[in-house]
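# pasting the structure only:
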C-alpha cells in the first residue's frame, strides 16, 4: 500500500517538530486542545476550501464529483474530527456510517479506493496545519492530539474502505455506477451524442435514438438505500427507467414507460413529494433537454406535493431562467399579490375558466359582480387589465414567477385577507 506509506510520512512531517518529546513544553491547562479546536472550528469553511482545492489539484478522478457535494462531505468530516479531538473520544457511529456511505457513493461514481482514502489524508493535513498555526506553542497536548488525529483518520478510512468494497462487489452497485456516469456524461455533453454517452445509454438498456422522458424530485430526503430500492421497483414496470441522484435532485429517465407509474412509485416511499415532469423528446440530446424541463418545473413549483408538467407550465418554466431580466417588468404584481391574495384568486380563476367572469365566479363560489370588482381592483393596483391579452399575460407570468417569493409570511396574508373583507365594500357584500 504505497499510498498509505506516503500519507503517513506526510502526517509525521506536518507536525512540524523533530524530537518533539525533548523540545516541546508541557501544556499549561487541561482544556488546551478544547480551546484550540473551538478556535479552528471558526475557520472550518476556509480549511474546507483549501482541502477541496488541494484534492482536486492532486486527484484528477475528483473532477467527476460535484464540488458542492464534495465540500459538504469534507466540511462535516472535519467538524466531526474537531469534536472528537476536543472530547478525546472516538468518532461517533453516525460519522462512521457516513464514511461507509461515502465509500459506497464514490465507488458508484467510479473513483478508486486509493483516491478516496487520500482525500481524508489531504483534508486532515490541512486541518492539522491550521491547528499548528493557531496554537500558541507546540505542547505535549498538541502532539497527543496529532497522534489521536491519525487514529481518527485510520478509523474513518477503514469505514470508507468497507463501504467502497461492498459497493464494488455488488452487481447492483456497479450498475448504479454506470447510471451515475451516464447522467454525468449526459449533463456534460453539448449535443448528447458523444460516444461515451451513447455507450453508457446502451449499457443501461436505452435505445439512443428513441424518445426519452424525465421525472425529477428533490433529493434532500432520499438516502442511497432508498434510491436503490426505487430503482429495483422501477425495474419491474414496463419500459426502461433509470434513476440517480445529482446535485439537489433525483432524476428518473425513461423510455416507453408510463410516467404515471413512475410518479406512483416515487411517491410510494415519499408521499406528497413535489414532482417535475419533462417533455418526451427524441435522442440523447432530447434526454438532456427533458431533464432540464423537469428541473425547471420542479424549481418553479411550490412545495405542496403537486405534479408539475413542463407541457402545462412551459411558459413560466422557460421564463424562470430570465427572472432577473423580467423582475422590473413583472414585479408590480408581486406586492399586490402579497397584500391582496383574494385578488390573485379571482385573476387565476378568470384565466383558467376561459376568460369567463361567470365561470370564474362559479369556480371559486363568488357572484359575477365580485369577480368583476376584483379584476377591476387588480387593474387599479397593478396597471394591468387581466381582460386584455397583454394584461393577462403579465398578471399570470408575474404570479407564476414571483408569487412564491411573497409567501414567506402566512400571517401577513391572513391579516390582509381580513382587511379586504372591509376594503372591497359593496361589491363584496353582494356575495
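Thanks, I have the structure now. Keep in mind the model is a prediction, meaning the values are calculated, not measured. Numbering: from 1, shown residues only.
# Angles on the backbone of the residue nearest in space to the middle of the chain, please.
Centroid-nearest residue in the chain: residue 248, 1.9 Å away (criterion: C-alpha atoms, centre = their mean). With angles defined as degrees, to the nearest 10, residue 248 sits at phi -110, psi 10.
# Can you name every helix or strand that the helix or strand containing residue 103 contacts?
Assigned by DSSP states H and E, residue 103 belongs to helix 93-108. Here helix 93-108 touches helix 67-87, helix 113-134, helix 140-169, helix 171-188, helix 224-234, going by 3 or more C-beta pairs under 8 Å, 6 or more residues apart in numbering; DSSP states H and E. Yep, even glycine has a C-beta here, placed from its N, CA and C like the rest.
# Recalculate using a threshold of 7 Å.
helix 67-87, helix 140-169, helix 171-188, helix 224-234 (3 or more C-beta pairs under 7 Å, 6 or more residues apart in numbering; DSSP states H and E).
# still on that earlier bit, can you tell me how far the residue nearest to the centre of the chain sits from residue 347?
Residue 248 is 31 Å from residue 347, where distance means C-beta to C-beta, to the nearest Å.
# hey, least reliable of the helices and strands packed on helix 93-108 by pLDDT?
Mean pLDDT values for the helices and strands packed on helix 93-108 show the minimum at helix 171-188, a mean of 85.
# For that one, list every residue counted as buried.
173, 175-187 (16 or more other C-beta atoms under 10 Å).
# Kindly state the domain boundaries assigned to the chain.
The record's domain parsing of the chain by automatic domain parsing lists 2-169, 211-321, 331-429.
# May I have the distance across the second one, first residue to last?
Start to finish, the residues bounding domain 211-321 are 25 Å apart (C-alpha to C-alpha, to the nearest Å).
# now the domains of the chain as JSON lines including distance to residue 200?
Output for these, formatted as JSON lines (distance: least, C-beta to C-beta, whole Å):
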{"stretch": "domain 2-169", "distance to residue 200": "11"}
{"stretch": "domain 211-321", "distance to residue 200": "10"}
{"stretch": "domain 331-429", "distance to residue 200": "36"}
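# what does the helix holding residue 103 contact?
Contact with helix 93-108 is made by 73, 76, 80, 116, 155-156, 159-164, 166-168, 173, 176-177, 180, 224, as judged by C-beta atoms under 7 Å, 6 or more residues apart in numbering.
# Generate JSON lines for the helices and strands packed on helix 93-108, with distance to residue 93 as supplementary columns.
What follows is the helices and strands packed on helix 93-108, written out as JSON lines (distance: least, C-beta to C-beta, whole Å):
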{"stretch": "helix 67-87", "distance to residue 93": "11"}
{"stretch": "helix 140-169", "distance to residue 93": "10"}
{"stretch": "helix 171-188", "distance to residue 93": "23"}
{"stretch": "helix 224-234", "distance to residue 93": "17"}
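# Now residue 174: closest residue in space, sequence neighbours ignored.
residue 168 (7.1 Å; C-beta to C-beta, 6 or more residues apart in numbering).
# What about the one you found, how many residues nearby?
Residues lying near residue 168 (other C-beta atoms under 10 Å) number 17.
# distance of it from residue 40?
In terms of C-beta to C-beta, residue 168 sits 35 Å off from residue 40.
# again with residue 325
43 Å.
# Weed out the non-buried ones from the contacts of helix 93-108.
73, 80, 116, 155-156, 159-161, 163-164, 167-168, 173, 176-177, 180, 224.
# tally of neighbours for residue 389?
Using other C-beta under 10 Å, residue 389 is surrounded by 10 other residues.
# i'd like the first residue to be 14 from this point on
I'll keep to 14 as the first residue from here, and by that count the last item is residue 402.
# ok, now which ones touch it?
Residue 402 touches nothing, counting by C-beta under 7 Å, 6+ apart.
# Quickly note the distance from it to residue 409.
Residue 402 is 11 Å from residue 409, by C-beta to C-beta.
# next one: residue 371
Applying C-beta to C-beta to residue 371 and residue 409 gives a distance of 20 Å.
# Equivalent analysis for residue 95, please.
Distance, residue 95 to residue 409, by C-beta to C-beta: 51 Å.
# Residue 254: which element?
Counting by DSSP H and E, residue 254 is part of strand 253-259.
# what packs against the helix or strand just after that strand?
Downstream of strand 253-259, the next assigned helix or strand under DSSP H and E is strand 262-268. Applying 3+ C-beta pairs under 7 Å, 6+ apart, we find strand 262-268 packed against strand 224-231, strand 253-259, helix 272-282, helix 296-313.
# quick one: contacts of strand 262-268?
Against strand 262-268 from outside (C-beta under 7 Å, 6+ apart): 196, 219-220, 223-232, 235, 240, 247, 252-257, 275, 279, 300, 304, 308, 311.
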